[in-house]
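In: let me see the structure of the following:
(one chain, ligands or ions: 1)
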Amino acid sequence: MDIEIADGSGFCFGVRRAVNLALRAAEDHGRRTVTLGPLVHNPLVVERLEAKGIRAVEEVAGDADVVVLRAHGTPAPQEESLRRRRLEIVDATCPFVKRAQRHARALREEGYQVVILGDRAHPEVASVRSYAGDDAVVVESADDLPVALGPRVGVMAQTTQPEEAFLRLVRRLAPGAAEVRVVNTVCRSTAARRAETEKLASRVQVMIVLGGRRSHNTRELARVSRLAGVDTHHIERARELQRQWFRNVGHVGVAAGASTPDEAIEDVVRRIRSFEEPFVSDGPAFSRPGGSGTPSPPLA
Ligand code: SF4
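Out: Got it, this is the predicted structure:
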């Protein structure tokens, strides 16, 4: 059975940076290091950080000295209140999310009503919205736009949104407003990962999409893979794989979300191989087109 990994799978720049910052904070400051919410949307990463003494908490209590702000960003009032306390703050917000926050604030200050395309329940959207002013609107698609908006609209997107959905929203807004200011805040790495997944899905018989179920970018990979018409399974860890998915299958694709560690991808490949009977292999366990992707920071 051929197993092919989508190019660019595994940690993106923002996740790698956040994990490294959290690990360094724990090393420098000891075990009273917490992350406000899960650092990234991958339970394996969260568990492994916990094993290093870095706990994910929803509220910062008195038993923490260092607070790491999650890669998805933190709502402005929550961050301000933490900064007023005697706590060491390590800001692991992805620089692309920071950029979106800055744009949201600038649009508000320049008098635009901000429209954000994104998942209302996602922490990144909550963090960006907190900079965008009280009249900001979050929409999950162009069809979701309210009937009335101000005459000057600033439009932006959650970093993991598909670019086509963003363009659809912009086209829908343009005829109704006196002025539309467009800031493209979609992350390039997400768009590239989605394109690679789509390409791979078009040439395999089964796709395994690996990553957190709460991870928006991983759910998007599963969506584009299904749209390509291939049998697609979204899993969080190797033990969820089922032998019957691979019966009479000669070519399997694996795509992983931006917060999936390389070890988790390797576990998936090993487990798929273990379903082969008889198991004979003297070559590499899998191939990575283009050979790109650098190893994720050691967590174990
Ligand atoms: S997907 Fe993009 S925006 Fe999100 S953490 Fe990674 S680099 Fe940052």
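In: just to check, residue 213 is in contact with residue 237?
Out: No. At 10.8 Å, residue 213 does not count as touching residue 237 under the criterion of CB atoms under 8 Å. All C-beta atoms are positioned from the backbone trio N, CA, C, and that covers glycine.
In: with adjacent residues omitted, what lies nearest to whichever residue of the stretch 201-300 of the chain sits closest to the ligand?
Out: Here the residue of the stretch 201-300 of the chain nearest the ligand is residue 258; by CB to the nearest ligand atom that distance is 4.3 Å. Counting by CB to CB, 6 or more residues apart in numbering, residue 12 is the residue found nearest to residue 258 once chain neighbours are left out, at 3.8 Å.
In: next up, the contacts around that neighbour.
Out: Neighbour list for residue 12: 187, 189-190, 193, 258-259 [criterion: CB atoms under 8 Å, 6 or more residues apart in numbering].
In: ditto for residue 78
Out: Listed by CB under 8 Å, 6+ apart, the contact set of residue 78 reads residue 36.
In: can you give me the buried ones in the host helix or strand of it?
Out: Here residue 78 sits within helix 76-84, counting by DSSP states H and E. Buried positions in helix 76-84, judged by neighbour count with 16 or more other CB atoms under 10 Å: 76, 78-79.
In: JSON lines please, covering those and showing distance to the ligand and pLDDT.
Out: Output for the buried residues of helix 76-84, formatted as JSON lines (distance: CB to the nearest ligand atom, whole Å; pLDDT from 0 to 100):
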{"residue": "76", "distance to the ligand": "18", "pLDDT": "97"}
{"residue": "78", "distance to the ligand": "19", "pLDDT": "95"}
{"residue": "79", "distance to the ligand": "17", "pLDDT": "95"}
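In: now do the helices in the stretch 51-200 of the chain.
Out: Assigned by DSSP state H, counting those that start in this stretch, the stretch 51-200 of the chain shows helices spanning 76-84, 95-109, 123-129, 163-173, 188-201.
In: helix, strand, or coil at the residue in the chain that the ligand sits nearest to?
Out: Going by CB to the nearest ligand atom, the ligand is nearest to residue 14 of the chain, at 2.6 Å. Following DSSP: H, G, I helix; E, B strand; the rest coil, the label given to residue 14 is helix.
In: neighbours of it, just the number please.
Out: Applying other CB atoms under 10 Å, we find 24 residues neighbouring residue 14.
In: swap in residue 86?
Out: Using other CB under 10 Å, the number of residues around residue 86 comes to 5.
In: near the ligand, which residues of the stretch 151-300 of the chain? Just list them.
Out: With the criterion set to CB under 6 Å from any ligand atom, the stretch 151-300 of the chain comes near the ligand through 159-160, 187, 189-190, 217, 258.
In: between those residues, which has the most around it?
Out: Neighbour tally across these (other CB under 10 Å): the maximum, 31 neighbours, falls on residue 258.
In: for it, list the residues it contacts.
Out: 11-12, 14-15, 40, 160, 189-190, 193, 211, 215, 217-218.
In: which SSE is it in?
Out: Short version: residue 258 belongs to no helix or strand, going by DSSP H and E.
In: how confident was the prediction at it?
Out: Listed pLDDT for residue 258 reads 95.
In: now do residue 29
Out: 79.
In: buried sites along stretch 5-13?
Out: Buried residues in stretch 5-13, counted by 16+ other CB under 10 Å: 5-12.
In: same question, stretch 194-202
Out: Buried-residue list, stretch 194-202, by 16+ other CB under 10 Å: 194, 196-198, 200-201.
In: what do you get for stretch 40-54?
Out: 40-46, 48-49, 54.
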